[in-house]
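J.: Predicted structure and sequence below. I'll ask about it afterward.
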Amino acid sequence: MDTPSPTVPQDRDGPYGPHQTSHGHAAHGQTPVELPAELPAALAEATGQRGVTAPPKARNRIGDTLFLAASRGSGILLLVIMAAIAVFLGWQASKSLSSNTGHFFTTFEWNPDATPPVFGIAVLLFGTVVSAVIAMAIAVPVAVGIALFISHYAPRRLAQPIAYLVDLLAAVPSIVYGLWGALFLVPHLDGLTAWMNDYLGWTHLLSQSDGVSGSAPRNLFTVGILLAIMILPIITAVSREVFKQAPRMHEEAALALGATRWEMIRTAVLPFGRPGVISASMLGLGRALGETMAVATVLSPSDKLNLHLLDPGGGTFAQNIAAKFGEAFDNGRSALIASGLMLFVITLLVNAAARLIIARRKEFSGANA
Amino acid sequence: MKLQRNGRTKALAIGALAVVSSLSLAACGSDDNTKTGSNTSASSSAGGASAGGAAADCGKGGQLLGAGSTAQANAIEVWKAAFQAKCSGTVINYNGNGSGAGVANFNQGKVAFAGSDAALKPEEVDASKKVCAGGQGIDLPMVGGAVAIAYNVDGVDNLVLDAQTTAKIFDSKITKWNDPAIAKLNPGVKLPDANIQAFHRSDDSGTTKNLTAYFAAAAGKSAWPYEPDKKWAGKGGQAATGSAGLAGQVKQQKNSITYVELSYAQTNSLKTAKIATGAAQPVEATAEAAAKTIGLAKVKGTGSDLALSLDYATKADGAYPLVLVTYEIVCDKGNKPETLPGVKAFLNYTISDEAQQAIADKGYVPLPAEVAGKVKAVIPTLA
Amino acid sequence: MSTDVKHRASSSPLGRTSLTGGRLPKWAPAATAAGSVAAGCAIGAGAGLASHIQWGLIAALLFVSASYALAAKVEGTRQAKDRLATSLVWVCFILAVIPLVSLTVYTVQQGAGVVDGTFLSHSMNGVISSEPGGGIYHAILGTLEQVGLATLIAAPIGLLTAVYLVEYGRGRLAKAVTFFVDVMTGVPSIVAGLFVLSFWIIILGFSFSGFAGSMALAILMMPVVVRSTEEMLKLVPNELREASYALGVPKWKTIVRVVVPTAIGGITTGIMLAVARITGETAPVLLLCFTTDVINTNPFQDAQESLPLYIWHQYSLGNDQTYARAWGAALVLIAIVMGLNLVARAVARWRSPKAGH
């Protein structure tokens, strides 16, 4: 769930920088193209025809077999773990689902330990989706902005330290965000919430019901903001790397044709970076959907599905599991696992969607060159 | 290019520093907090050591795991410090993860004892028979407490409420602080024209169950139409996790009200409401007033099970009605041999008068002698 | 370019014919920014808005629209759009950096007073939570051991899986693995904890331990390692592999001696970042490591503490002393995680093949 891409060394203009940029391989700037010195160029030329999949097969077959077995084995082990988790979740969840007297998808209540048990995920589903959507709506544009800032706008001296800072912030544990959110952010959002209620209240969504006006903003909207702040560094870090890898030739061509910086970015950088930004956003979305501790500390949960996003109340899957697990007995535990399974399915769908989008635009992907 | 190289060395140096410092850190840890702890904790544990020294029964040593109720976590903490000062070989690990988790852990045989706000249900007793070979889980009352109605309203220091009004506040039937019902109970007090921010527990809790049992017994169906339950049933209001979470919210938020164990109200210095029970004077939430109500409790458990039933509707003078008793759950027979001596030693200590008095400072209520006597009689029979 | 100039010249209200068209002076963005901030504060203070967040938002809005309006007037619409984008990007940056910096500063502020030698070198043994004293040594130790074990489990498996996917992976199995690695990244951490709880502790009957936590952490770590390693291996140019094959080097040796060493910087960084990620995980350790106040150096037996767990517990105890300790532990946790990140970065640069090693 973390950012693979910050691993790409930043100094495209590093030791070999200046001439690298004009090189055809700029798209994957740091690819080491130093071939072993003793390698005769002719041989390389000749094997180029054979392709990667056909290494010499005559010798050392045992080594190859063992290595293949080991690596394939790890792959299979991974599948086994996944299968075990899925099977186990399903098995555990089925116990409570069969005894549920409410409807799993439409019931608001969460009362699995009552007799008869009544529970449903309507509120949790709503809360999870809404808070994640708010987080994405705030975080994605801002993250793209910061990524562009670092890759194309910031003065060079500033860009590097900021890139570091953002990467480091991506690693701040969620429990710390939770601590900060509950003890710092919530009190500081009081004014903004009241103001939004006054001036944006007509949207219905951004208003508070009369009964709770003046209450602390421990609501889904605040959760969305906190989640946005949390996922911002992740999306930024990945997007930045992608933007940096935009083909320098295209950029220079655009500039040479008289484009302004923005036009250059719009025509050369953004189209190239779109799949990367999408996959970065999905990473962020995954984290936002599954975030436990930060939501648990900030939100004031309830069983109500409320379209006033500034009202305290609602809940998310992960928050609900963390909050209810301690006091849950057998059936309650099973019901919580069922909700965990739903979360799992949602993330699966999101991932699949992201993969589809990326696959469709593969021609732009730089990593596969 | 030079800059980059510098950056690299710097990053390396910082990284190395991080590694080195974490390594050097690993070399010098200590479990001994007697010097660093504050004077009070040191003296209280020392006091425990000397006074309890007569019964130098420490079990066999080793780790003793307990889990469950957060309501008694603060008490266990005090006892743990004193017990371990006396018996340095035994380490008590109590995980305040909630009564449900505690009972679940107990019934999986993962902990030697569980703390619970509620007595075991019949099906839980059945489940416990698997773990307690030849016996079953029993409830031993151990920690008494009071549930305080804590509030934060500027200029109001001696709020008086009764069961009906409180129930209506928490059910959002009374939404303003200057509601006539509240004003009637507080003549002469200037109540603000502000919304009441009522906070309840978002997690299932024995505290909630005790509060709602009190509402059901003392407020009547019209004010509180719900069954007593661990899960919050009332309408409206806001929620927070754990007693500490509630206390924290009320501290931050003006015009708020909530219910927490007295110990949390005290450690957070929150104002607590007096309750008009029908006795001559409204009763303040204090340990003595709560002890009076617990003293009226009757044992409803059978055999060595000492589950209590409390009279929430009491009108006795000076008896604070909103009380709770939390239990330690152990096997009557079939405790694990390696933990049994430790459990007995620890429980023997916790039910001792000195240990019960030690938690009174923390907002708990020492068990009345009659109940404590029964528990003292049961502990030696554990096997 | 020339048509552009003409177009601009003719459309410009100023009727300039200079080749470069109208330009705002270099200091214009800075001046606009300063002006907007001042105006934002003035409006905020004037309207009596309590929240400084609103002041900032107003200033940001003013800055964006002012730079657009100015540029549109002087430089033409295309340049104005460019300015708009530039100012938006700057605003984004500043708006986002403020909370992030605030988080860091606030944590340091709150935590710095608590962290000292005693705090780092003592456990919580015998400390009453509402009184000062105690420390996080047991938690640091637990975290280091649990994360170390998790890495020992997850890194080799993740690495080999990635090698399989990139170097061998064709066909259905590889597709399935790729897909499920993606799915696995979406496993909520608390679910991983539940899984280990029921299998290891309930079904197999082991007791709570640091190792149980490590296993859940390893499950969370594996897909991250696979993904980042995969990316890194994909970046190794095929020419290298082909050259190696051409010299008669068998495939496994090519992978071990050529492909992996070439990407080792990136791979290490990926693993370190994964480590940093799981170091802060709270939910699984909450279910699996139990909790303890004393130092336990053996992760395979008895309860262990960990830093995130410690923070959560202190936060949920909820009084001034425990909040202070929670902040102190948060500061230490951030320091550890950031230290790991820096090390990862250093490794990436040091081992980067381009650096000439």
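T.: Thanks, I have the structure now.
J.: alpha carbons only for contacts and neighbour counts from here, please
T.: Noted.
J.: Which residue comes closest to residue C:244 once chain neighbours are left out?
T.: residue C:254 (6.3 Å; C-alpha to C-alpha, 6 or more residues apart in numbering or on different chains).
J.: Could I get the contacting residues of the one you found?
T.: Neighbouring residues of residue C:254 by C-alpha atoms under 8 Å, 6 or more residues apart in numbering or on different chains: C:241, C:244-245.
J.: which among those gets closest to chain B?
T.: residue C:241 (29.1 Å; C-alpha to the nearest C-alpha).
J.: Count the neighbours of the closest one for me.
T.: 26 (other C-alpha atoms under 10 Å in any protein chain shown).
J.: one step back: how much space between the residue nearest to residue C:244 and residue A:288?
T.: 40 Å (C-alpha to C-alpha, to the nearest Å).
J.: same deal with residue B:306?
T.: Residue B:306 is 47 Å from residue A:288, by C-alpha to C-alpha.
J.: Have a look at these two and say which one is more surrounded.
T.: More neighbours surround residue A:288 than the other of residue B:306 and residue A:288, with 26 against 21 (other C-alpha under 10 Å).
J.: Surely the more buried one and residue A:227 touch.
T.: Yes. Using C-alpha atoms under 8 Å, residue A:288 is in contact with residue A:227, at 5.9 Å.
J.: shared neighbours, the two?
T.: Common neighbours of residue A:288 and residue A:227 (C-alpha under 8 Å, 6+ apart) are A:131-132, A:135.
J.: Mind picking out the helix or strand in chain C with the poorest mean pLDDT?
T.: helix C:2-11 (a mean of 45; mean pLDDT, DSSP states H and E).
J.: After that one, which helix or strand is next?
T.: helix C:28-47 (DSSP states H and E).
J.: helices or strands up against that following helix?
T.: Secondary-structure packing of helix C:28-47 (3 or more C-alpha pairs under 8 Å, 6 or more residues apart in numbering or on different chains; DSSP states H and E): helix C:52-74.
J.: Run the contact check for the longest helix anywhere in chain A versus chain C.
T.: Ranked by residue count, the top helix of chain A under DSSP state H comes out as helix A:61-99. Yes. Residues of helix A:61-99 contacting chain C under C-alpha under 8 Å from any C-alpha of the partner chain: A:63-64, A:67-68, A:70-76, A:78-79, A:82, A:85, A:88-89.
J.: hmm, back to that, show only the entries of the contacts of residue C:254 found in helices.
T.: Filtering those for helices - DSSP H - leaves C:241, C:244-245.
J.: Can you tell me how far residue B:174 is from residue B:201?
T.: With C-alpha to C-alpha as the criterion, residue B:174 and residue B:201 are 19 Å apart.
J.: give the contact list for residue B:342.
T.: B:58-61, B:64, B:90.
J.: run the last query once more with 6 Å
T.: residue B:59 (C-alpha atoms under 6 Å, 6 or more residues apart in numbering or on different chains).
J.: which regions of the chain sit below the pLDDT cut-off?
T.: Let's take chain A. A:1-60, A:210-214, A:360-369 (pLDDT under 70).
J.: wait, chain C
T.: C:1-21, C:50-51, C:351-357.
J.: Residue numbers of it in contact with chain B?
T.: C:121-123, C:125-126, C:133, C:137, C:291-292, C:316-318, C:339, C:342-343, C:346 (C-alpha under 6 Å from any C-alpha of the partner chain).
J.: immediately after the longest helix of chain A, which helix or strand?
T.: Assigned by DSSP H and E, the successor of helix A:61-99 is strand A:110-111.
J.: counting contacts, what elements does that next one pack onto?
T.: Strand A:110-111 is packed against strand A:118-119, with contacts defined by 3 or more C-alpha pairs under 6 Å, 6 or more residues apart in numbering or on different chains; DSSP states H and E.
J.: Show residues contacting the strand it packs on.
T.: A:100-102, A:109-112.
J.: a markdown table for those, including neighbour count?
T.: Shown next, in a markdown table, are those (neighbours: other C-alpha atoms under 10 Å in any protein chain shown):
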| residue | neighbour count |
| --- | --- |
| A:100 | 20 |
| A:101 | 16 |
| A:102 | 19 |
| A:109 | 20 |
| A:110 | 25 |
| A:111 | 21 |
| A:112 | 26 |
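J.: for the residue of the stretch 151-300 of chain B found nearest chain A, what are its contacts?
T.: Of all residues in the stretch 151-300 of chain B, the one sitting closest to chain A is residue B:239 (4.7 Å; C-alpha to the nearest C-alpha). Residues near residue B:239 by C-alpha under 6 Å, 6+ apart: A:300-301, B:199-202.
J.: does it count as helix, strand or coil?
T.: Assigned with DSSP: H, G, I helix; E, B strand; the rest coil, residue B:239 falls in the strand class.
J.: who's it bridged to?
T.: For residue B:239, the beta-bridge partners under DSSP bridges are residue B:200.
J.: Let me know the pLDDT of it.
T.: At residue B:239, the model reports a pLDDT of 85.
J.: For residue A:215, see how far away it is.
T.: 11 Å.
J.: Nearest residue to the middle of chain B?
T.: In chain B, the C-alpha nearest the mean C-alpha coordinate belongs to residue B:71, at 1.5 Å (C-alpha atoms, centre = their mean).
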